[in-house]
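Student: Quick one, fold the following:
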Amino acid sequence: LFSRRPIKMKIYKKARLLYSWAFTNTKTTAAIDITNSCNLKCSHCYWWKEERPAELGDNAMVAFMKGLRAMGMTAAIIYGGEPMLRPRMCEAASRIFDHPLIFTNGTQGFAPIDAQWILSLDGTRKVHDSIRGNGAFDCSVENLRKAPRKPVVHTTITRQNQHNLEEFLDELSTMPVKGVGFSFYTPHITGDESSLFIPLAERERILDELLRLRKKYWRIMGLTGTMANQLRRSGEFSEWNSIEKCPVSKVCNCYNSDGTQKPCTYGNKADCSRCGCASIPLYLAAIRHLDPLALFMIYRMVN
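Tutor: Next up is the predicted model:
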């Protein structure tokens with residue numbers, strides 16, 4: 001009886017979080033940059049293109065996270081830079097929040113903590129390394145195979161890797177991963193990003209291709225038709241593609257590494273009109289449309 005209580009409590013906390021997302025306007029989730037440092041310089045990452053504030057020291061960061069928890073934020077999405085450059089803060093977040101998710105490039109390993117890891121991989125070795133640097137793929141995959149629990153893989157689709165998806169999924173299907181989710185590169189409102197950004201009209205073809213691949217790689221594919229419809233111009237994309245209409249911003253606050261608030265996890269200059277965020281399609285498919293597979297994905301991903 002006593003051994004079942006922690007399991008029942010986890011189920012209850014997950015259900016409570018989903019209920020709050022669906023039926024209240026309560027801010028239950030915090031997206032936190034716990035560091036302003038990173039060991040890579042990925043070509044599609046906004047992070048190193050913007051001026052970065054200082055980071056809070058260990059004691060101040062722990063106090064900041066505890067303050068968010070006291071405000072009712074039970075879920076936390078931990079970003080950087082690279083969070084595992086501050087492993088003690090990753091461990092602290094796993095203790096403070098009920099539902100910690102930690103995004104990592106995987107090169108620094110995976111700490112044995114009670115959190116769901118989200119590993120960024122962008123293609124097979126040659127493609128991934130062209131985006132993140134020589135040796136990055138082998139280092140991340142080696143650490144993946146030693147991880148204490150299966151991570152979820154996150155892939156950002158750009159012009160650099162759009163033709164590598166099937167080969168990449170074939171390789172991923174042999175690895176110990178919980179699943180793989182996709183976002184599209186979100187450009188900034190300034191600068192020429194034509195070498196990265198896939199125009200919205202071309203996105204339709206890639207979504208069709210991903211849904212075709214889902215039939216083959218259904219065990220790991222984190223995409224449903226309802227989710228894909230959120231990213232289509234012919235679907236529901238125009239209903240949420242501004243910061244004012246963004247459904248995730250209604251339940252989540254985003255914070256810089258110095259504790260100040262920012263509008264979006266993609267930085268201060270993200271072009272919402274061309275958003276490719278993976279969390280919004282998943283959220284809307286599960287919460288608004290009650291897509292059973294999307295709900296199942298959230299349930300499995302939320303720690």
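Student: Quick check: which element contains residue 182?
Tutor: Using DSSP states H and E, residue 182 sits in strand 179-184.
Student: List of residues touching that strand?
Tutor: Residues from elsewhere that reach strand 179-184, judged by Cβ atoms under 8 Å, 6 or more residues apart in numbering: 152-158, 169, 172, 198, 203, 206, 210, 220-223, 231, 276-278, 282, 297, 300-301. Where you see a C-beta, it was placed from the backbone N, CA and C, and this is true even at glycine.
Student: Can you report how many residues lie near residue 204?
Tutor: Neighbours of residue 204 under the rule other Cβ atoms under 10 Å: 16.
Student: how about the strands of this structure, start to end?
Tutor: Applying DSSP state E to the chain gives strands spanning 29-33, 75-79, 99-104, 116-120, 152-157, 179-184, 252-255, 261-262.
Student: do you know which of those lies nearest residue 291?
Tutor: strand 179-184 (14.1 Å; Cβ to Cβ).
Student: what comes up buried for stretch 62-80?
Tutor: Of all the residues in stretch 62-80, those buried under the rule 16 or more other Cβ atoms under 10 Å are 62, 64-65, 68-69, 73-80.
Student: any idea which of the residues you listed is the one closest to residue 268?
Tutor: Of the buried residues of stretch 62-80, the one sitting nearest to residue 268 (Cβ to Cβ) turns out to be residue 79, at 14.3 Å.
Student: ok, the closest one - contacts?
Tutor: 31, 32, 33, 34, 103, 265.
Student: likewise residue 13?
Tutor: So residue 13 contacts 74, 98, 99 (Cβ under 8 Å, 6+ apart).
Student: one step back: please name whichever of the strands of the chain is nearest to residue 227.
Tutor: strand 179-184 (9.1 Å).
Student: Give me the angle between that closest one and strand 152-157.
Tutor: 30 degrees (axes from the mean of the first three to the mean of the last three Cα atoms, to 10 degrees).
Student: avg pLDDT for strand 179-184?
Tutor: Throughout strand 179-184, pLDDT has a mean value of 96.
Student: cool, and stretch 258-277?
Tutor: Stretch 258-277 comes out at a mean pLDDT of 92.
Student: that older thread, including distance to residue 22, could the strands of the chain go into TSV?
Tutor: Formatted as TSV, those follow (distance: least, Cβ to Cβ, whole Å):
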stretch	distance to residue 22
strand 29-33	13
strand 75-79	14
strand 99-104	15
strand 116-120	20
strand 152-157	22
strand 179-184	20
strand 252-255	14
strand 261-262	24
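Student: so how far is residue 230 from the closest residue to residue 246 other than its chain neighbours?
Tutor: Distances taken as Cβ to Cβ, 6 or more residues apart in numbering put residue 240 closest to residue 246, at 6.0 Å, once the chain neighbours are dropped. In this view, residue 240 and residue 230 are 7 Å apart by Cβ to Cβ, to the nearest Å.
Student: okay, the two: which has more neighbours?
Tutor: Remark: of residue 240 and residue 230, residue 230 carries more neighbours, 24 against 21, as counted by other Cβ under 10 Å.
Student: And the pLDDT for the residue nearest to the more buried one when sequence neighbours are not counted?
Tutor: In this structure, residue 230 finds its nearest non-sequential neighbour in residue 281, 3.7 Å apart by Cβ to Cβ, 6+ apart. pLDDT, residue 281: 96.
Student: re the thing from before, which among the strands of the chain is found nearest to residue 194?
Tutor: Proximity to residue 194 (Cβ to Cβ) singles out strand 179-184 among those, at 14.3 Å.
Student: and the angle from that closest one to strand 116-120?
Tutor: If you take the same axes, to 10 degrees, strand 179-184 sits at 50 degrees to strand 116-120.
Student: So for stretch 133-144, what gets flagged as buried?
Tutor: Result for stretch 133-144 [16+ other Cβ under 10 Å]: buried residues 133, 136, 137, 139, 140, 141, 143, 144.
Student: which other residues reach that stretch?
Tutor: So stretch 133-144 is in contact with 40-42, 105-110, 119, 121, 124-125, 128-129, 151, 175-177, going by Cβ under 8 Å, 6+ apart.
Student: Restricted to helices, list those residues.
Tutor: Using DSSP state H to define helices, the subset of the contacts of stretch 133-144 located there is 125, 128, 129.
Student: Can you turn the buried part of those residues into a PyMOL selection?
Tutor: Remark: buried members of these, expressed as a PyMOL selection using 16+ other Cβ under 10 Å:
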select buried, resi 128+129
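Student: got a list of what residue 22 touches?
Tutor: Contacts of residue 22 by Cβ under 8 Å, 6+ apart are residue 287.
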